[in-house]
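K.L.:
Have a look; sequence and predicted model below, questions after that.
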Number of protein chains: 2
Amino acid sequence: MSGDTGSTGPSAPLPPLSSHDRTRHHRLRDQGRADRAALDEILAAGFVCHLGVVVDGHPMVVPTVYGTDGTWLYLHGSVASRSLRAAPDATVCATVTHVDGLVLARSVFEHGVNYRSAVVYGVPRLVTDPAEKLTGLRLLTEQSAPGQWEYARRPSRKELAATALLALPLTEASVKIRTGAPDDGEGPDAELPVWAGTLPLVTTFGPLVPDPALRPDVAPPPHLADRAGTALG
Amino acid sequence: MSGDTGSTGPSAPLPPLSSHDRTRHHRLRDQGRADRAALDEILAAGFVCHLGVVVDGHPMVVPTVYGTDGTWLYLHGSVASRSLRAAPDATVCATVTHVDGLVLARSVFEHGVNYRSAVVYGVPRLVTDPAEKLTGLRLLTEQSAPGQWEYARRPSRKELAATALLALPLTEASVKIRTGAPDDGEGPDAELPVWAGTLPLVTTFGPLVPDPALRPDVAPPPHLADRAGTALG
């Protein structure tokens, strides 16, 4: 999180991600953790990214659903694809963030957020091959709602044609993670009579809400019914 | 959400936000709801935005904490302020998104996300006036952790000087909200024997986790202790 400090975690022995200037320069202190295992975990833990594109010289950031096979980040995006048609070689930025809790320090200055974020840069390609489009849409659907690709009606040819799908290579990325206690447990503030610690944030699925128009004889399948009460991220 | 359809909600009788081309053109169908009350609600419901800046012609999107007084969006951002020093008249984009649940339709094509998002555009200003900086930091602290500004140690002059705070005017924004059931409850798919509805997502605060270095005689104050179990957003 911009403004936070601190970092954690082991480095996994996997091929590192590339780190161009634009990924290097926005790492704060020692928070950089550009290993692929961490990237994969952060992407696996969510289904919405914030996609940044440049339109008429200005940044535009929109929330967009994604799916991934570890090599490509598939993005469901009419905005980005319109932007892409205008500037086919333009770099975009897709950021996935999980906010894990508040860091409550003894001083306001040391307050912060525990979080995991992955920032992916690249030039996306508009997916046109029908087979890859189907694969990408399956990954995208299963990312948020595992089991639905097999369960719900698959896209028709017309629906496939109406869907804009982008593929962003997972080759340049920056990962940042902050976990644990505040940083002022040592030093002069440690003696202040002020409570310090963290306040975790957890995102969970609630109970299913049936469509009012649902056929009365249709019960939710286990892959949906079992999800209520489980955590995301 | 890019790729979703549907919209809801009454329009509040408040002054509309300005709607330049860049806010208009990324509204999908009838999802635009550019009224200030909705903007205020979405900003009030969170404390992290995704800030987009243009660096060397490329978009960069970073999660950043914010606070607001309804007129300004205060951003805690070293990245953006560095970018701002390089291009002082550059527009940035700050997007706040709340993901409220999955929309599970009878067809994969109609799957989507219930969400609320606010996209704010503007040229930020680096806050240099000490009084405004203190006000902005108070708003920013209270946005995520109400009560902490009064409770924790306030910033020293040195800490204030070390903090980069930006103020973005809340004059140009686009709000999008999707709620409710899937859209295929009428039409041919309604007869499919497929469960349809929504799977809500709720973000809640968990129990406080004390800093291992916490003085053993310090108990959490009520404004923190009472927050466990409450929902965010």
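P.N.:
Structure received.
K.L.:
quick check: mean pLDDT across the helix ranked longest in chain A?
P.N.:
Counting residues, the longest helix found in chain A (DSSP state H) is helix A:130-144. Per-region confidence: helix A:130-144 scores 96 on mean pLDDT.
K.L.:
Can you get me the centre-to-centre distance for that helix and its chain?
P.N.:
In this view, helix A:130-144 has its centroid 17 Å away from the chain centroid, taken as C-alpha atoms, centre = their mean, to the nearest Å.
K.L.:
quick one: contacts for the most centrally placed residue in chain A?
P.N.:
Closest to where the C-alpha atoms of chain A average out (C-alpha atoms, centre = their mean) is A:V96, at 2.5 Å. Residues near A:V96 by C-beta atoms under 8 Å, 6 or more residues apart in numbering or on different chains: A:42-43, A:46, A:48-50, A:66, A:117-118, A:120. Where C-beta positions appear, they are placed from N, C-alpha and C, glycine not excepted.
K.L.:
Which of these sits closest to chain B?
P.N.:
A:H50 (3.8 Å; C-beta to the nearest C-beta).
K.L.:
which residue packs closest to the closest one, ignoring adjacent ones?
P.N.:
Spatially, and ignoring its direct neighbours in sequence, A:H50 is nearest to B:H50 (3.8 Å; C-beta to C-beta, 6 or more residues apart in numbering or on different chains).
K.L.:
The one you found contacts B:T97, doesn't it?
P.N.:
Yes: counting by C-beta atoms under 8 Å, B:H50 does reach B:T97; the two are 7.4 Å apart.
K.L.:
shared neighbours of those two, which are they?
P.N.:
Listed as contacting both B:H50 and B:T97 by C-beta under 8 Å, 6+ apart are A:H50.
K.L.:
Specify the angle between the lengthiest strand in chain A and strand B:92-104 in degrees.
P.N.:
Longest strand in chain A, counting residues (DSSP state E): strand A:92-104. Orientation check (axes from the mean of the first three to the mean of the last three C-alpha atoms, to 10 degrees): strand A:92-104 against strand B:92-104 gives 90 degrees.
K.L.:
Stretch A:191-207 near chain B at all?
P.N.:
Yes: using C-beta under 8 Å from any C-beta of the partner chain, stretch A:191-207 reaches chain B at A:191-207.
K.L.:
quick one: terminal-to-terminal distance for that stretch?
P.N.:
Stretch A:191-207 has its terminal residues 45 Å apart, counting by C-alpha to C-alpha, to the nearest Å.
K.L.:
list the buried ones in that stretch?
P.N.:
Neighbour counts using 16 or more other C-beta atoms under 10 Å in any protein chain shown place A:192, A:194-201, A:203-205 of stretch A:191-207 among the buried residues.
K.L.:
same question, stretch A:58-72
P.N.:
For stretch A:58-72, by 16+ other C-beta under 10 Å, it's A:58-68, A:72.
K.L.:
just stretch A:40-51 next, same as before
P.N.:
Residues of stretch A:40-51 classed as buried by neighbour count (16+ other C-beta under 10 Å): A:40-43, A:46-51.
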